[in-house]
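K.L.:
Next comes the sequence, and after it the predicted model I'd like to discuss.
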Amino acid sequence: MAKNPTNKLVAKWKRDKAFADILSVDNIEDEFISTNCGPVNVLFSGRVKNGGIKKGCMVTIAADSKQGKSLIGLNLLAEAYKSGMSCIVIDSENAFNARLARKLGVDTDDILVCKTSRIPEIKQIFARINNGLTRMESREIFVLLDSWGPLVEEQVLEKAAQASSAVNMSGARFKNELANVINAYGNTTFIVNHVYDTMDPYSPTGKFAIPGGKRLVFNSDAIVLASSSAKAKDTDGSIYGKIITAAVSKGRDAKEFKKLKFLIELDGGINPYYGLLEDAIESGIVVKEKKGVSNVFIRPKYDTDGREWKEKDLYCAKFWVPIFADDDFNEFLERKFSFEDSNLTAASENISEMIAAGDWDNLSEKSLNSKNEQETGEDDEEPYTFDVDKD
């Protein structure tokens with residue numbers, strides 16, 4: 001059957017210069033900024049290689065205190081800076097660590113650092129940095145907003161000046177407006193947010209809530225939530241860091257509810273390599289073998305000299321960089337974590353087309369719910385909820 005001709009009206013619209021700056025161009029592929037941590041890249045984008053946070057989008061990480069969210073923000077700042085993006089830090093906590101940023105390769109004289117927690121001033125920052133820019137130019141601006149929690153509107157400060165004891169009940173509304181402003185400008189914005197315990201009876205587990213208004217959730221391209229931490233100990237019992245468990249709470253590229261772990265070392269910060277060993281074994285690129293009382297690990301494709309790795313020696317560039325670059329491993333990760341390689345049911349099972357065809361004898365009998373026919377209950381592993389009605 002001949003291919004349908006191009007829609008003439010649509011073709012006319014695409015030639016209209018009025019649409020030039022806002023027209024979506026299909027042949028421009030999504031670009032990502034790496035977090036420089038394999039499992040965190042996967043949580044945000046469904047892949048390690050060429051993964052991370054998406055350019056031109058709002059992206060959020062939410063976690064309790066001391067779970068690595070600001071460190072991930074600094075990693076992203078460094079990657080954005082090195083790639084030539086114009087970088088801005090909005091420091092609402094007076095906690096931006098310029099020394100660590102310089103250690104990561106950022107010339108802090110060549111970025112803009114704004115110390116404010118006032119919502120009107122932050123809206124003005126976004127307006128000024130985008131003044132006169134095209135959409136494509138705006139997406140090349142990286143904004144690190146650390147963090148969302150302390151942001152306040154002028155009403156709160158006015159009440160403080162008046163020694164008023166009235167409780168602010170409109171914080172979420174002002175933050176919703178700010179989230180809409182950030183989304184409208186189309187910069188690459190990484191937002192650090194907090195969590196708190198909740199006893200909300202409508203929460204799936206009653207464990208965590210993410211504050212900050214509905215629009216932060218709706219407008220974020222991806223949200224990763226760190227749900228727990230555990231001490232990382234040497235064989236002699238000494239603590240050398242903490243292992244963070246994080247999950248995809250919203251993903252347009254990565255599948256929701258997927259969990260991974262990453263390691264924060266007391267001496268060295270976020271380990272780029274820890275957290276994907278089980279996936280490497282599952283994919284077959286790493287083989288785990290028992291030798292005596294301990295395990296050894298082999299990469300059949302790369303350890304052609306017969307080398308065997310002990311677990312304590314695994315988390316280094318020599319072991320992981322070839323794996324991260326391996327096409328087969330990346331395809332495995334994308335099948336498991338990314339929407340890109342998912343088969344959409346609607347593409348093969350179109351109800352209207354099947355009804356119109358009237359061929360009842362050749363319809364598929366494959367159950368679309370064959371893996372689990374039971375509804376999830378209270379023991380479901382979802383470790384968070386969005387507190388969208390409170391600030």
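P.N.:
Alright, I've got the coordinates.
K.L.:
can we go C-alpha only for contacts and neighbour counts from here?
P.N.:
Fine.
K.L.:
now the residue positioned nearest the centre of the chain: how far from residue 60?
P.N.:
Central residue of the chain (Cα atoms, centre = their mean): residue 44, 3.0 Å from the mean position. To residue 60, residue 44 is 9 Å away according to Cα to Cα, to the nearest Å.
K.L.:
Give me the common contacts of those two.
P.N.:
222-224 (Cα atoms under 8 Å, 6 or more residues apart in numbering).
K.L.:
any chance you could map the strands in the stretch 51-200 of the chain?
P.N.:
Along the stretch 51-200 of the chain, counting by DSSP state E, counting those that start in this stretch, strands occupy 53-54, 58-62, 86-91, 112-115, 141-146, 188-193, 196-197.
K.L.:
how about those strands, which one is nearest residue 277?
P.N.:
strand 53-54 (22.1 Å; Cα to Cα).
K.L.:
Does anything pack onto that closest one? Which helices or strands?
P.N.:
Strand 53-54 is packed against strand 32-33, helix 38-45, with contacts defined by 3 or more Cα pairs under 8 Å, 6 or more residues apart in numbering; DSSP states H and E.
K.L.:
Tell me where the model's unsure across the stretch 251-391 of the chain.
P.N.:
Along the stretch 251-391 of the chain, the parts satisfying pLDDT under 70 run over 340-344, 368-391.
K.L.:
returning to that earlier point: out of the helices and strands packed on strand 53-54, deepest packed?
P.N.:
Most buried of the helices and strands packed on strand 53-54 by mean neighbour count (mean count of other Cα atoms under 10 Å) is helix 38-45; its value is a mean of 29.
K.L.:
So which elements touch it?
P.N.:
Packing partners of helix 38-45 (3+ Cα pairs under 8 Å, 6+ apart): strand 53-54, strand 220-233, strand 239-251, strand 259-265, helix 327-337.
K.L.:
Other residues contacting the third one?
P.N.:
Defining contact as Cα under 8 Å, 6+ apart, one finds that strand 239-251 is touched by 43-45, 67, 221-234, 254-267, 384.
K.L.:
now the angle from it to helix 38-45?
P.N.:
Between strand 239-251 and helix 38-45, the angle comes out at 10 degrees (axes from the mean of the first three to the mean of the last three Cα atoms, to 10 degrees).
K.L.:
In contact with residue 33, which residues?
P.N.:
Shown in contact with residue 33 (Cα under 8 Å, 6+ apart): 50-55, 76, 79-80.
K.L.:
what about it, distance to residue 72?
P.N.:
With the distance defined as Cα to Cα, residue 33 ends up 12 Å from residue 72.
K.L.:
Which of the contacts of residue 33 are buried? Put it as a PyMOL command.
P.N.:
In PyMOL, this line selects whichever of the contacts of residue 33 come out buried by 16 or more other Cα atoms under 10 Å:
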select buried, resi 51+52+53+54+55+76+79+80
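K.L.:
which one among the contacts of residue 33 gets closest to residue 352?
P.N.:
Nearest member of the contacts of residue 33 to residue 352, counting by Cα to Cα, is residue 54, at 35.1 Å.
K.L.:
now the closest one, nearest residue through space, not along the chain?
P.N.:
Nearest in space to residue 54, with sequence neighbours left out and distances taken as Cα to Cα, 6 or more residues apart in numbering, is residue 32 at 4.4 Å.
K.L.:
Please verify my assumption that that neighbour contacts residue 50.
P.N.:
Yes. Using Cα atoms under 8 Å, residue 32 makes contact with residue 50 at a distance of 6.3 Å.
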